[in-house]
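Enquirer: Give me a 3D structure for the following:
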Amino acid sequence: MSTSWAPDETAAQLWNERCIFIGQFIGAFGYGVHLTLFVQCVHALYSGRKTRRHSWELLLFIFILFALGNIGNATSIFYAQKTFIDDRNYPGGPGAYFFEQSTQWAAVLCNSVYIVNTWFQDGLLLYRFWTIYSRNYYIAVVPALMFLTSLILSAIVIVILNRPGNTFWTALSVKLAIPYWAISISMTVILTALIAGRLLFMRYRLKKLVGASSSMPYVTITAMLVESAAIYSINGIIFLVTYGLNDPTQNLWLPVLGQTQSIAPLLIILRVAQGQAFTGATVDQLTSMRFARTQATHTTNDGSSTVLDAFRSAPKNARVGSHQDLEQKEDEGETESEFRVAVV
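Expert: Here you go, the predicted structure:
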């Protein structure tokens, strides 16, 4: 007869504790991704600080994200240590300790810094949305109001968490945290859809004008997923549903959610540092595409005709011209290979 060393707890209690335990490992994996992206961003931004505008501002931004992510990860691990090792004989087991003792400073600090992290993530996404939509203030009004509402609610949640007797799962916290997360994640999902839709339109327009074989780093599927912060939206939706239902699997997604709040902005900033992300100039170039004709026929002096492409690959500052412009330039001594029709 085999001996069982299992604790005297119900299956539901054990499942809850497994979720808490596994969630710590998932969160640590997310932190590893965060750390890797942070190093890549620092290298890219520092090496290009003399040639790129706002490099120092972006460096400060990612250092703030990294500091918050480190504090959140460290306090989460420390509280898990208290839960499963230091105070494992707590009445009701580690699961009961995790919920009932989350008024301790480590748990409060962890939740607070991750909430603050959301402000930076949402703020950057709102800024990218404004940029990709040609810096249109009117279209950004509703998302900006959602961001402001989310910020106010989350600040109240932080105050409540710092009051004795309140935890992340007490009735008052839940009543405020669910609207906060709902607004924040809804804003992210809406902006995700709008940004992806904008990039799809850009992709369609570009391919229609220059051919299906043409490619551009700004309008790839990867660009859409990164620019729209889809990784945070997906993680946030899963957590919000499980948190609202008070399902134990919420503890699988909460630790990594704090890290994806940093991962999503870092992916965008890395593309900016590498010159692959949308800027105001990029949007202006794509939205102001003008072509004279799909094809132009140039007749030489001997009566023969040559079909000229209306679009030729060229640097961003290349000139836009028509067939008549080409003939004029040839008369002035400029060859066809020196004249390009491109976006400005």
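Enquirer: is it true that Q13 touches F98?
Expert: No - between Q13 and F98 there is no contact under Cβ atoms under 8 Å: 11.0 Å. Where you see a C-beta, it was placed from the backbone N, CA and C, and this is true even at glycine.
Enquirer: So which of those two has more stuff around it?
Expert: Just comparing Q13 and F98: by other Cβ atoms under 10 Å the higher neighbour count belongs to F98, 25 against 17.
Enquirer: Just list the residues touching the more buried one, thanks.
Expert: Contact analysis of F98 by Cβ atoms under 8 Å, 6 or more residues apart in numbering lists E17, I20, Y79, T83, N251.
Enquirer: Could I get those residues in TSV, plus columns for neighbour count, distance to Q104 and pLDDT?
Expert: Below are the contacts of F98 laid out as TSV (neighbours: other Cβ atoms under 10 Å; distance: Cβ to Cβ, whole Å; pLDDT from 0 to 100):
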residue	neighbour count	distance to Q104	pLDDT
E17	22	18	94
I20	24	15	94
Y79	25	7	95
T83	25	10	94
N251	25	17	92
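Enquirer: Now do the contacts for G244.
Expert: Applying Cβ under 8 Å, 6+ apart, the residues contacting G244 are I178.
Enquirer: where does the stretch 51-200 of the chain have low pLDDT?
Expert: 51-54 (pLDDT under 70).
Enquirer: And the contacts of stretch 32-42?
Expert: Residues outside stretch 32-42 that contact it (Cβ under 8 Å, 6+ apart): 58-59, 62, 65-66, 69, 259, 262-263, 266-267, 269-270, 273.
Enquirer: Neighbour-wise, which one of those residues leads?
Expert: Highest count within the contacts of stretch 32-42 by other Cβ under 10 Å belongs to S262, 31 neighbours.
Enquirer: pLDDT at that one, what is it?
Expert: Looking at S262, its pLDDT stands at 89.
Enquirer: How about the one 5 residues further on?
Expert: The predicted local confidence for L267 comes out at a pLDDT of 86.
Enquirer: Going forward, count from 48.
Expert: In the new numbering, first residue 48, that becomes L314.
Enquirer: for it, helix, strand, or coil?
Expert: helix (DSSP: H, G, I helix; E, B strand; the rest coil).
Enquirer: and what of the one 3 residues further on?
Expert: In terms of secondary structure, L317 is helix; the call rests on three-state DSSP.
Enquirer: how close does the nearest residue to it once chain neighbours are set aside get to P190?
Expert: Distances taken as Cβ to Cβ, 6 or more residues apart in numbering place C88 nearest to L317, at 5.2 Å, with adjacent residues excluded. Going from C88 to P190 by Cβ to Cβ, to the nearest Å gives 25 Å.
Enquirer: Over to Y279?
Expert: From Y279 to P190 the distance is 15 Å (Cβ to Cβ).
Enquirer: and the two? which has more neighbours close in?
Expert: Y279 (27 against 20).
Enquirer: which of the residues in the strand or helix carrying the more buried one are buried?
Expert: According to DSSP states H and E, Y279 maps onto helix 277-291. For helix 277-291, the neighbour count (16 or more other Cβ atoms under 10 Å) marks 277-287, 289-290 as buried.
Enquirer: Give me the neighbour count for K255.
Expert: 10.
Enquirer: burial measure for R210, as a count.
Expert: Under the criterion other Cβ under 10 Å, the count of neighbours that R210 has is 12.
Enquirer: should've said F146
Expert: Residues lying near F146 (other Cβ under 10 Å) number 18.
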